[in-house]
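[1] I would like to see how this sequence folds:
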Amino acid sequence: MKLWMTALAATAMIVNGGCTQIVLGPVEAGPGEEALVEEPPSPNAIAVRFGDLLSDPFNREVLMNGLQLQYLPHPDSLALFFSDSVQQCSVPLIGRGPDGLLSPPAPYAFWQIAMFIPPELNRPGLIDLRDQRVTTYLAVWAPSRGGSTFLGGGAGYAIGGTAPRTLEIVSSDASSVSVKLYWGTPPWQIKFNDEPYKPDLDIGGDYTAAYCGDPPLPSPPSPGRAIPGAALATPPGGPTPDPDALHLFLGSAAESCADPWSPLACTGASRVTLSLPPAYQKPGILDLTDPTIAASFSFTYPASADCTAGEPISGVFAGGTIEILSIDASGVSCRLYGSHTVLTQGRFDADGLYTASSCP
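    Reported below is the predicted structural model:
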């Protein structure tokens, strides 16, 4: 008789920097039983619209109870699953059940990464996986050690380590999406039975993920306003705007030409502001840390016990770029990348595509 070796384990969760440790151990074959060992397939990927996962009762139970997602991704998020083991559209998470236990289907070592990409980032281009809007799940199973799983917003925080991790969406059509994943190599590490373990995993590379069903629709560019300095009112408590610069207001705040400095308190909105002097008013890539453009951001939490009517949380970017894609009389099309900034009050991400319409 042959036996598929399995192991049951509690889940290790790392969500926005908090962590809970797990203890796992392999299950041995019984007397007279031979462990069935099969070689896993080459690294592969599948893709599915997140809302389609939720429509299936079993997968919904796994996501809501097994992974204990604190914040459900948008239904039109792109769910990508990478693994060196067999992945099925019907049950994409390998060995996970609604009870939160990890029960691998075979005794050979395997890994799996799932990423939920929000609609505003689901378009060709580079995605910074530190972005807290990207929920990342990692499962690693080693027969001699057991298994370990992690979940969190922003891969740099969920998995640990400092190496940059990126996902580039190269192209997509109705049947598949082609991506390049850079995950880095050890020294990032995980723990098995309280012992640090540096897995030698070949995770990164080029993947073509076939869609399980219809592909999710990306969202349109985020809105914004482009206002000449000569027509811009002085911000409350701020300096007089440069009359020759073009001032950009980007983000989810309720921007208007008449009142671009509208209060943000307890709206849950965010705003990025920067100025383009005449020499910068052309297509090209600019550093968000360039003092010439004076890029900054503000955001608030939604109205709740966590938010008061006080000042919004503001700051300047620790890095990143803004690419001016086009600029004319109708407005400015631009893309922010690498804007991830850590603050004492939390983290801020503004990456994405923006269209700032011109104000007269």
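
[2] From here on, just use CA atoms for contacts and neighbour counts.
    Noted.

[3] Measure how buried the nearest residue to V91 once chain neighbours are set aside is and give me the count.
    Taking CA to CA, 6 or more residues apart in numbering as the measure, V91 lies nearest to N59, with 6.7 Å between them; neighbours along the chain are not counted. Using other CA atoms under 10 Å, N59 has 21 other residues around it.

[4] State the helix or strand in which N59 lies.
    When elements are defined using DSSP states H and E, N59 is found to belong to helix 57-61.

[5] coming back round to it: do you know the pLDDT at the residue nearest to V91?
    As predicted, N59 sits at a pLDDT of 86.

[6] wait, isn't it in contact with C89?
    No - N59 is beyond contact range of C89, at 10.5 Å (criterion: CA atoms under 8 Å).

[7] how close does the residue most central in space within the chain get to G229?
    Using CA atoms, centre = their mean, the residue of the chain that lies closest to the mean C-alpha position is V134, 1.7 Å off. When CA to CA, to the nearest Å is applied, the distance between V134 and G229 equals 35 Å.

[8] Which residues does the next helix-or-strand element following the helix holding N59 contact?
    Tracing the chain past helix 57-61, the next element assigned as helix or strand by DSSP H and E is strand 78-83. Applying CA atoms under 8 Å, 6 or more residues apart in numbering, the contact partners of strand 78-83 are 43-50, 87, 92-93, 110-119, 122, 203, 209, 215-216.

[9] Neighbouring strands - and their directions - for strand 78-83?
    Looking at strand 78-83 with DSSP bridges, its paired strands and their directions are strand 44-49 (antiparallel), strand 110-117 (antiparallel).

[10] Can I get those strands in JSON lines including distance to L69, mean neighbour count and mean pLDDT?
    Written out in JSON lines, the entries for these read as follows (distance: least, CA to CA, whole Å; neighbours: other CA atoms under 10 Å; pLDDT from 0 to 100):
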{"stretch": "strand 44-49", "distance to L69": "16", "mean neighbour count": "24", "mean pLDDT": "96"}
{"stretch": "strand 110-117", "distance to L69": "11", "mean neighbour count": "23", "mean pLDDT": "89"}
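
[11] can I get those strands in a markdown table with distance to S339?
    As requested, the strands paired with strand 78-83 are exported to a markdown table (distance: least, CA to CA, whole Å):
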| stretch | distance to S339 |
| --- | --- |
| strand 44-49 | 26 |
| strand 110-117 | 17 |
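
[12] Nearest to G319, out of those?
    The closest of the strands paired with strand 78-83 to G319 is strand 110-117. By CA to CA, the value is 21.7 Å.

[13] Can you tell me what sits against that closest one?
    So strand 110-117 is contacted by 40, 50, 73, 77-85, 93-94, 133-142, 201 (CA under 8 Å, 6+ apart).

[14] same question, stretch 279-299
    246, 264, 268-277, 312-327, 339.

[15] Among these, which are located in strands?
    When DSSP state E is applied, the contacts of stretch 279-299 are split such that 246, 270-276, 313-315, 321-327 fall in strands.

[16] Filter the residues you listed down to the buried ones.
    For the ones in strands among the contacts of stretch 279-299, a burial check counting by 16 or more other CA atoms under 10 Å picks out 246, 270-276, 313-315, 321-325, 327.

[17] rewinding a little: are any of the contacts of strand 110-117 buried, and which?
    Buried by 16+ other CA under 10 Å: 50, 73, 77-85, 93-94, 133-142, out of those.

[18] per-residue confidence at the closest residue to P235 other than its chain neighbours?
    The shortest distance from P235 to any non-neighbouring residue, by CA to CA, 6+ apart, is to W261 (6.4 Å). On the pLDDT scale, W261 is placed at 87.
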